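> Fold the following.
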Amino acid sequence: MPAATIRQRYHQWLDRRIPPAPRVTLDQQRIFILPTIGGYIWLSVAVLIFILAANYANSLAFGLSFFMVSLFMLSILHTWKNLAGMTLVSKSADSGHAGDLISVHLLLQSGGRGRQSVRLGWPENEQVTYSFETNQDVTLQVKAISRGWFRPGRMKVESVYPLGFCRAWSWVQLEMHTLIYPRADFSHPVPSLLGVGEETGRQTRSGQDDFAGFRRYKETDLPGHVDWKGYARTSELNTKLFEEPLGHQVKLCLQHNPGVSLEDKLSVLAGWCLECEASNRPYSLSVPGTELAANIGHKHSKECLETLALFASGSDRAPGIKRSGGERAE
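Numbering: from 1, shown residues only. Model (predicted):
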């Protein structure tokens, strides 16, 4: 049987035995345990001493071999109990770009029992060992492989406490409702500003550049645009108005960018969005099925990056969240 088929069936079996969930409690069904190399050596020495004791009829050697086996059996129980009843809760994960190290925030619930030398982390990523008596907040780092909903795979939780004779472990898949944005590619210049050298450059719109007057304050106005000096003089709250030439907007389009593959094009768009934000230049985004009007700011940047993260990904909702009424999951 091919190795790929064996791995696939193994993962399917794990999904049935330990299904993905936002919180997982380790119990008899979810914990596996086997001797370590040191445990096998310990048992081999105990067997060798038993054979010598039987050959020479040495009672002391018999007692030593039985003691070693008894100690090994006790270590099985204590190693298993060190994980049994512990609950892992997915709290949050920071957003980032594909290829970045993502901070994952977890809560380890002790279940009323002290836990010693519990090691957890994702394969080929950071693995950390914790000892705790009460609930413990932990932060782990894992590399984001691709854009879309964050799926870091199964995390390994293991312990060899107290004697190192046995290793108890579990493969836990915690659901993370976090988006990973496309890798940002800054190797291509932002498209030329619209309207440069054209008559439309004399037209203006609400924007960020030139002061254009005042109006009455609204609750949705940015604090940085409030006329605080005028408020101190007159006790009347007004908001400063700014305008900018229409030609200063940048239109970012999927169809017209230098990327070769779809992922390359999305990476270029992500880089352009970040460059426009850094230069305080309003920009619009156009991808098939979605048109975002020109704007600037954290909210607009987040909306653009989320659009790029979910574009043609096959899923617009977080793992474990069912769609209701045709609404898009936030």
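> can you map out the helices along the stretch 151-300 of the chain?
228-234, 262-278, 298-310 (DSSP state H, counting those that start in this stretch).
> Need the ones you listed in TSV (columns: mean neighbour count, distance to Gln249 and mean pLDDT).
(Glycine included, C-beta is placed from N, CA and C.) Output for those, formatted as TSV (neighbours: other C-beta atoms under 10 Å; distance: least, C-beta to C-beta, whole Å; pLDDT from 0 to 100):
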stretch	mean neighbour count	distance to Gln249	mean pLDDT
helix 228-234	10	29	75
helix 262-278	21	10	91
helix 298-310	18	12	92
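> Including distance to Gln136, could the ones you listed go into JSON lines?
Output for the helices of the stretch 151-300 of the chain, formatted as JSON lines (distance: least, C-beta to C-beta, whole Å):
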{"stretch": "helix 228-234", "distance to Gln136": "44"}
{"stretch": "helix 262-278", "distance to Gln136": "35"}
{"stretch": "helix 298-310", "distance to Gln136": "31"}
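> For Thr79, which of those is the nearest?
Evaluated with C-beta to C-beta, those place helix 298-310 nearest to Thr79, the distance being 41.4 Å.
> where in the chain is pLDDT low?
By pLDDT under 70, the low-scoring segments of the chain are 1, 192-214, 219-222, 224-225, 241-248, 314-330.
> Just give me the residue closest to the centre of it.
In the chain, the C-alpha closest to the average C-alpha coordinate belongs to Ala93, at a distance of 4.5 Å (C-alpha atoms, centre = their mean).
> Residues in a beta bridge with that residue, which ones?
Beta-bridge pairing for Ala93 (DSSP bridges): Val104.
> so how far is Ser90 from the residue nearest to Leu179 when sequence neighbours are not counted?
Spatially, and ignoring its direct neighbours in sequence, Leu179 is nearest to Ala309 (4.8 Å; C-beta to C-beta, 6 or more residues apart in numbering). According to C-beta to C-beta, to the nearest Å, Ala309 and Ser90 sit 19 Å apart.
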